[in-house]
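[1] how would this look folded up:
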Amino acid sequence: MISKRIAVLLSLIAASAAAQAAPTFMSPEWAATACQAWNQDKKLTEGLGGDWIENDAGRGYKVIQIYRTECPDSKKVELTISNDNGMAKCSYGGAVSHSDLNSDVDYLMYATDEDWVCMGEGSWGCGPMGAMATGKLKFEGPKMEAMSVMGPFEGFLLLTGKVPSDRKACP
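    Predicted structure coming up:
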């Protein structure tokens, strides 16, 4: 009788652990969680408000697409950042929903897993300026605009390390 109860308890624990498993890094599920985390970070919502979020080609949003270079067969994921009363709020995180990026307002960023880890930890030389200057972070989009928001942009790089993820497999 006791062994049956233990078996049931162990199966419940295993099911709970599986349900709480972190999503694969840069999967659509991870991007949805990153979107929620973005909205909890004042450095991002307020720091990227104003001029940055207003440069949206009249659409009311900007797009950030990201991916891991070690996962060439995986699709990019996307964060859509919307202007919410002058604040930069993430309105969508998941699979790519915008097929054409506007290089005047949108961003495409990619790096190796090792460099994403470095940037996510905020390690020396992996801040936004260092990551871009050393080529750790490959970047397409409005470079002058990005350079004008290095402080808040660091919050985005740190976000890649704050959002729980499983980096062992490709999405």
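
[2] Skip the chain neighbours and tell me the closest residue to Lys43.
    Nearest residue to Lys43, sequence neighbours excluded (Cβ to Cβ, 6 or more residues apart in numbering): Gly155, at 3.9 Å. In this view, the C-beta of every residue, glycine as well, is placed from N, C-alpha and C.

[3] my bad, Leu44
    Per Cβ to Cβ, 6+ apart, closest to Leu44 is Gly155, 4.6 Å.

[4] so Ala146 sits right up against Glu140, yeah?
    No - at 10.3 Å, Ala146 does not count as touching Glu140 under the criterion of Cβ atoms under 8 Å.

[5] Compare those two and say which is more crowded by neighbours.
    Taking other Cβ atoms under 10 Å, Ala146 and Glu140 do not tie; Ala146 has more neighbours (17 against 13).

[6] how long is stretch 117-129 end to end?
    Counting by Cα to Cα, to the nearest Å, you get 16 Å between the two ends of stretch 117-129.

[7] Could you give the separation of that stretch from the chain centroid?
    Distance, stretch centre to chain centre, for stretch 117-129: 14 Å (Cα atoms, centre = their mean, to the nearest Å).
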